[in-house]
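# What follows is a predicted protein model with its sequence.
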Amino acid sequence: MDWPTFFEPIALSIQVSLIASVLVLLAASFIAWRMAKTRFFGKSLVDAVLMLPLVLPPTVIGFVLLVAFGRRSWLGKLYESLFGGPIIFTWEAAVIAASVVAFPLAYRTMKAGFEGIDAALENSARVCGASEWQVFRYITFPLAFRSVTTGYILGFARGLGEFGATLMIAGNIPGRTQTIPTAIYVAMDGGSMRMAWLWSGSMMVLSLIMLLVVNRLTKETD
């Protein structure tokens, strides 16, 4: 077996998912906190838009991202002017695809955690003179920590298994943009069932580890 060829998609998938999950953690935790703690007109619509990638077909997400980050779009032109090349068909494009598909799952989990916090605890801290930052740092975030962690892990697992959107915006270039799901697809298409099984087994093991951690965190909150 060509071990470098075997490990390349695994290493790239982990790299892409780690970066995407960190981006999702930063965005989803803040947005989930604000959505859980504020009321405004059209909140249901905003919440539905944030959850939309969870129900859209990956090909639709990939098409939208391809249009948004293509060489003719302002985002694509901005990236090309800053980094000297297009973002389409790069591993960075795979990070974007993984981030978009992972965001709703992480957001939903984190939002539930923030909504489950007793508002009386936060209000008591405000009455005692705590600032909003202090309330968030010492009360809100610690109480929602397990939900935020669970959302992060689920986002990582979701990004790890992304296929359709990644294929459309990042392609399937061995050693550059080929992740585990796209490698499995190519292996099956080429009749290399042994490699397909090995990559599928690697994906199942990684996903199982993520789910075991999530289950442990969930039990600790009961």
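It's in.

# What helices and strands are in contact with the least confident helix or strand in the chain by mean pLDDT?
Counting by mean pLDDT, DSSP states H and E, the weakest-scoring helix or strand in the chain turns out to be helix 193-221, with a mean of 85. Counting contacts by 3 or more C-beta pairs under 8 Å, 6 or more residues apart in numbering; DSSP states H and E, helix 193-221 is packed against helix 3-37, helix 141-160, helix 180-189. Where C-beta positions appear, they are placed from N, C-alpha and C, glycine not excepted.

# how about those helices, which one is nearest Asn123?
For the helices and strands packed on helix 193-221, proximity to Asn123 was assessed by C-beta to C-beta; helix 3-37 is nearest, at 11.5 Å.

# Give me the mean pLDDT for the closest one.
Regarding helix 3-37, the rounded mean pLDDT is 92.

# and it with helix 193-221, angle?
Calculated by axes from the mean of the first three to the mean of the last three C-alpha atoms, to 10 degrees, helix 3-37 forms an angle of 30 degrees with helix 193-221.

# and helix 3-37, which residues are buried?
Neighbour-count burial for helix 3-37, counted by 16 or more other C-beta atoms under 10 Å, picks out 8-10, 12-14, 16-17, 19-21, 23-25, 28-29, 31-33, 35-37.

# and the angle for it with helix 180-189?
Angle of helix 3-37 versus helix 180-189, following the same axes, to 10 degrees, is 140 degrees.

# Please pull up the helix or strand immediately following helix 3-37.
helix 43-55 (DSSP states H and E).

# Now tell me what touches the next helix or strand after that next one from outside.
Using DSSP H and E, the helix or strand that follows helix 43-55 towards the C-terminus is helix 58-69. With contact meaning C-beta atoms under 8 Å, 6 or more residues apart in numbering, helix 58-69 is reached by 53, 73, 75-76, 79, 87-88, 93, 96-97, 100-101, 162-169.

# at 10 Å what do you get?
52-53, 56-57, 73-79, 86-88, 92-93, 96-97, 100-101, 162-170 (C-beta atoms under 10 Å, 6 or more residues apart in numbering).

# In PDB, could you pull the C-alpha coordinates for it?
Provided in PDB are the C-alpha atoms of helix 58-69 (Å, rounded to 0.1, in the frame of the first residue of the first chain):
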ATOM      1  CA  PRO A  58     -24.900  20.200  -0.500                       C
ATOM      2  CA  THR A  59     -25.000  20.800  -4.200                       C
ATOM      3  CA  VAL A  60     -27.100  24.000  -3.700                       C
ATOM      4  CA  ILE A  61     -24.700  25.200  -0.900                       C
ATOM      5  CA  GLY A  62     -21.700  24.400  -3.200                       C
ATOM      6  CA  PHE A  63     -23.300  26.300  -6.100                       C
ATOM      7  CA  VAL A  64     -24.000  29.400  -3.900                       C
ATOM      8  CA  LEU A  65     -20.400  29.300  -2.600                       C
ATOM      9  CA  LEU A  66     -19.100  28.900  -6.100                       C
ATOM     10  CA  VAL A  67     -20.900  32.000  -7.200                       C
ATOM     11  CA  ALA A  68     -20.000  33.900  -4.100                       C
ATOM     12  CA  PHE A  69     -16.300  33.200  -4.200                       C
END
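
# any chance of the helices and strands packed on helix 193-221 in a markdown table, with distance to Val213 too?
Shown next, in a markdown table, are the helices and strands packed on helix 193-221 (distance: least, C-beta to C-beta, whole Å):
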| stretch | distance to Val213 |
| --- | --- |
| helix 3-37 | 13 |
| helix 141-160 | 6 |
| helix 180-189 | 19 |
